[in-house]
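Engineer: could you look at this predicted model? Sequence included:
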Amino acid sequence: MTLLLQAVVNGLEMGFLYALVAVGLTIIWGLMEMINFAHGEFLMLGMFGAWGLSAGFGLDPLLSIVPVGLVLYGLGVLIYRHLMRHVQRGDPFTQIFATVGLLFLLQNGAVAVFTSDYRYLSNTLLTRLSGANLHVLGITVGVPLLIGALLALVIFLALYLLIDRTEFGLALQATAEDREAAMLVGIRPQKMFAVAWGLGAALVAVAGAILANFFAVFPQVGFPFTVLAYAIVALGGFGSILGTLLAALLVGVVQSVTTIYLPPAFKDAFVFASYILIGLLRPQGLFGRF
Amino acid sequence: MAPLLELHGVTKRFGGLVANKDVSLALEAGEIVGLIGPNGAGKTTLFNCLTGYMHPDEGRIVFGGVDITRARPERVSRLGMARTWQLVRTFGRMTALENVVCGALAHTNRIGVARARALRLLDFTGLASREDVPAATLTLADKKRLEIARALATEPRLLLLDEAMSGLTPTETAAAVDLVRRIHAELGLTLCVVEHVMEVVMPLSGRVVVLDYGEKIAEGTPAEVVRNEQVIKAYLGAHYRGRD
Amino acid sequence: MIGVLLGLAYPIPLQVAGYTYFQTVGFLVLLNAMLGVGWNVIGGWAGQFDFGPQVSFAIGAYVAAILFVHLGCNPWLGMLAGVVVAMLVCALVTYPLTRLRGHYFAISTVAVWMIAQPIGATWEFINGSRGLFIPMQTGQGALGALASLQFAGRTKALGYYYVAFALLAVTLVLARLVERGKLGFYFRAIRDDQEGAEGIGIDSRLYKVCARSITAGVFAAGGVLYGFWALAVFPDQVLDLNWSTLPTMATVVGGIGRLWGPVLGAAILIPISQIMSTTLGTGPLAGRGIDLIVYGLVIVVIAALRPTGILSLPWGRWTRRLARRG
């Protein structure tokens, strides 16, 4: 029983990080119904950014999330302005295609610059805390992951407040609801879309910077996260931020619990089987606005 | 003889909104029935329920003796009910001919046969010269004709026209009315026409049904319906003082 | 027509000169072109983005390999079996998925693939990740080699090249038949307006399953060919996402929805990759995925400028204009 509880707690912690990974997709989708297969590549770039700053300048990833976030924000905006804006008018196919091309570019650009070697963070706050545990109610909670999860939660909440409580966030929501009406009140959709892409990229890159403390850093690390992010966004209901959080927590827990009973290779398979089931029984996701 | 189409107490709700409330009516084979009512009266919802795109929450729909209350659109089409759409829909990337061929394939597996039938229908609807034009580039009037040709290709017994005249110029409207008459007279179809243009629907229909706020409020010949007090109230407001 | 003759004659001077490497490149072009034509059925005509046909590729490879290894069954019969099994599995799996539309459907195809991967890696019957090896048969004459789909020695690449050529030809003929028949019309109707199609009696779910199953069959056949060429079937190799992304890219670049699109696309993309590998050789940029960067660029450019592919450019007008000037 404690094993199960342990897995659940672990899963929840990973879930908060997954939420940060997936929420960028939710925003982009909710706003302009675009699919981005290169989403995980931004995560990968965030990881490399954190690694580079750590190995080169000794900057702790928990601090480098700021520069990493800013740079990737800029990259997201650039990509929107110069590529996605053109394919937005096209059919979904073309959009999927354009982002697949982007995936190839970014992933292999990274291979060209960094080679496919695995790299690890060392000597950062969280790696140094590795092995430190809290003992709560008979469950062992690893401190590094806990800190990472809490940080992710804080950022997530900040985002939620941004979208829900600020004027800017309202403008974003308005554009998502009705583009033309938003234009009539002076909101420029193009600007909103660019910001959405910037935010999306920044958020997932920040998640990457945090995750770099726990995972190996290499150019191909992104795609599995992309697929997982999609499953989460779909489960939570494309376009719902809170739904994304809840779905991410669920996915984290399912993944974690699955590893108790099935060989580790199946950890993601179960998540995807659930996605398919939910897709059939409740296509709007668990909390979606369809 | 049993009616071709029967509706018994059809009710459709969307959350708190009752789009169709206890609608009952019957269509005899060979009729042209007009379905009118102010905007939001539930006419298109009724069509959607008839053709299987939506399913009523209560009530039954019987077509040619077959209960189609929960049938899917493909089944309804194969039983002989065809429709056109309020916002015209064609297979944009295919040519006009190919569009109609798709309809004709409902009754044959051979392209040659389907093609011949499609060509005849293009001719019948006046689109013979547009045979190889991609449907997306046709004018609105031509698109509507194409939609009708495609629907006719499925050899229906009943054709539902949803605001087929909207957006047409007077000349185009006259041509469309002529087409509808020919469909009735030469092809012997039963028709149910949703229309807002009174000068069109009144002369065309043998019988008119009026919906308002989802309920049927009147039914009868055009002359009867026009004098019906409830109908006048629905269209013109309770305080309207008529000229007679 | 010229292309066909070129295609037929292409490997011969190379064989004479001993450059079998280029024949292998040709083999890959033909194989991917064939898969592209298959993908075109679900992606180009039915208009449903599908990331999952590599699962059918794997099924085909495994069925034929197992039948051969355990029962000594002839690979051509194995191909037939593989195609049938793949189509059945695809139909069963796809039917429930057809309830999903657009992006949701695309993701569900990825989900199926993600579920297939650990199954492939851990299923003992197919040897899991240890892979299945196909014993080589040597000393057969040309006809024997053809019958057992195993070419060896100096004519190895040549043999596989022509088999791939023949399979591509068969696939193109079949695709043409589908395109011009009722299936082709119905697929395109679903692509252009699914609800409108339902209104004229088209069961969209059934036909989507049909389209995807046809794609599955083509991929399965390709998988068998690949398996016997490689003489081994490994789960991570035959389930590699590249087996669907490369044909998909080829189709989009060449002309989505057009019969020859995938062929043109494969003929352009794969040589680019090979030229990159050879010119970069073992230099400092080797193995750095430069060819994939180029692919990425090509795709992005095509997506932004001409999403309907190269074949959709107004070649007819341009050649007429050139002819008038000259």
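Structural biologist: Cool, the structure landed.

Engineer: leaving out chain neighbours, which residue sits closest to B:Glu6?
Structural biologist: In space, B:Glu6 comes closest to B:Val62 once its chain neighbours are excluded; the distance is 4.5 Å by C-beta to C-beta, 6 or more residues apart in numbering or on different chains. Placement of C-beta: from N, CA and C, glycine included.

Engineer: now B:Leu50
Structural biologist: The nearest residue in space to B:Leu50 (C-beta to C-beta, 6+ apart) is B:Ile61, at 6.2 Å.

Engineer: after the worst-scoring helix or strand of chain C on mean pLDDT, next one along is what?
Structural biologist: The helix or strand of chain C with the lowest confidence, counting by mean pLDDT, DSSP states H and E, is helix C:11-17 at a mean of 57. Using DSSP states H and E, the helix or strand that follows helix C:11-17 in sequence is helix C:20-39.

Engineer: of all the residues in the following helix or strand past that following helix, which ones are buried?
Structural biologist: Later in the chain than helix C:20-39, the nearest helix or strand by DSSP H and E is helix C:54-71. Applying a neighbour-count criterion of 16 or more other C-beta atoms under 10 Å in any protein chain shown, one finds C:54-69 buried in helix C:54-71.

Engineer: next one: stretch B:21-29
Structural biologist: Quick answer for stretch B:21-29 (16+ other C-beta under 10 Å): B:21, B:23, B:25, B:27.

Engineer: likewise stretch A:221-240?
Structural biologist: Result for stretch A:221-240 [16+ other C-beta under 10 Å]: buried residues A:221-223, A:225-240.

Engineer: please apply the same query to stretch B:14-22.
Structural biologist: So for stretch B:14-22, counting by 16+ other C-beta under 10 Å, buried means B:18-21.

Engineer: next, count neighbours for whichever residue of chain A sits closest to chain B.
Structural biologist: Nearest residue of chain A to chain B: A:Asp91, at 10.5 Å (C-beta to the nearest C-beta). Burial of A:Asp91 is recorded as 15 neighbouring residues (other C-beta atoms under 10 Å in any protein chain shown).

Engineer: again with C:Gln274
Structural biologist: Using other C-beta under 10 Å, C:Gln274 has 17 neighbouring residues.

Engineer: skip the chain neighbours and tell me the closest residue to it.
Structural biologist: Spatial nearest neighbour of C:Gln274, chain neighbours left out: C:Val25 (5.0 Å); criterion: C-beta to C-beta, 6+ apart.

Engineer: ditto for B:Gly103
Structural biologist: Distances taken as C-beta to C-beta, 6+ apart place B:Ala153 nearest to B:Gly103, at 3.0 Å, with adjacent residues excluded.

Engineer: OK, contacts around that neighbour?
Structural biologist: B:100-104, B:106, B:114, B:117-118, B:121, C:200 (C-beta atoms under 8 Å, 6 or more residues apart in numbering or on different chains).

Engineer: give me the pLDDT for residue 30.
Structural biologist: The chain I'm using is chain A. Looking at A:Gly30, its pLDDT is 78.

Engineer: ah, I was thinking of chain C
Structural biologist: At C:Leu30, pLDDT is 90.

Engineer: so it touches C:Tyr162, yeah?
Structural biologist: No - applying C-beta atoms under 8 Å as the test, C:Leu30 and C:Tyr162 come out as separate, 9.3 Å apart.

Engineer: of these two, who's got more company?
Structural biologist: Set C:Leu30 next to C:Tyr162 and count neighbours by other C-beta under 10 Å: C:Leu30 wins out with 28 against 19.

Engineer: skip the chain neighbours and tell me the closest residue to the more buried one.
Structural biologist: C:Ala164 (3.8 Å).

Engineer: mind listing what that neighbour touches?
Structural biologist: Listed by C-beta under 8 Å, 6+ apart, the contact set of C:Ala164 reads C:26-27, C:30-31, C:34, C:225.

Engineer: same deal with C:Leu292?
Structural biologist: A:104, A:107-108, A:111, C:273.

Engineer: show the average pLDDT along whatever helix or strand A:Leu228 lives in.
Structural biologist: A:Leu228 belongs to helix A:222-236 when assigned by DSSP H and E. For helix A:222-236, mean pLDDT rounds to 85.

Engineer: so is it next to chain C?
Structural biologist: Yes - counting by C-beta under 8 Å from any C-beta of the partner chain, chain C is contacted by helix A:222-236 at A:227, A:230-231, A:234.

Engineer: if the residue nearest to A:Gly131 when sequence neighbours are not counted is in a bridge, with which residues?
Structural biologist: For A:Gly131, ignoring the flanking residues on the chain, the nearest one in space by C-beta to C-beta, 6+ apart is A:Gly142 at 8.0 Å. Judged by DSSP bridges, the bridge partners of A:Gly142 are A:Asn133.

Engineer: close enough to count as contact, A:Gly142 and A:Asn133?
Structural biologist: Yes - in this structure, A:Gly142 is within contact of A:Asn133 by C-beta under 8 Å, at 5.8 Å.

Engineer: okay, the two: which has more neighbours?
Structural biologist: A:Gly142 (20 against 14).

Engineer: next one, pLDDT for that one please.
Structural biologist: 80.

Engineer: what sits against it?
Structural biologist: Neighbours of A:Gly142 in contact, by C-beta under 8 Å, 6+ apart: A:10, A:130-133.

Engineer: lowest confidence element among the helices and strands of chain B?
Structural biologist: For chain B, the helix or strand with the lowest mean confidence is helix B:229-236, at a mean of 79 (criterion: mean pLDDT, DSSP H and E).

Engineer: give me the phi and psi for the most far-flung residue of chain A relative to its centre.
Structural biologist: Most distant from the centre of chain A: A:Leu184, at 32.5 Å, with distances by C-alpha atoms, centre = their mean. Per-residue torsions, A:Leu184: phi -60, psi -20 (degrees, to the nearest 10).
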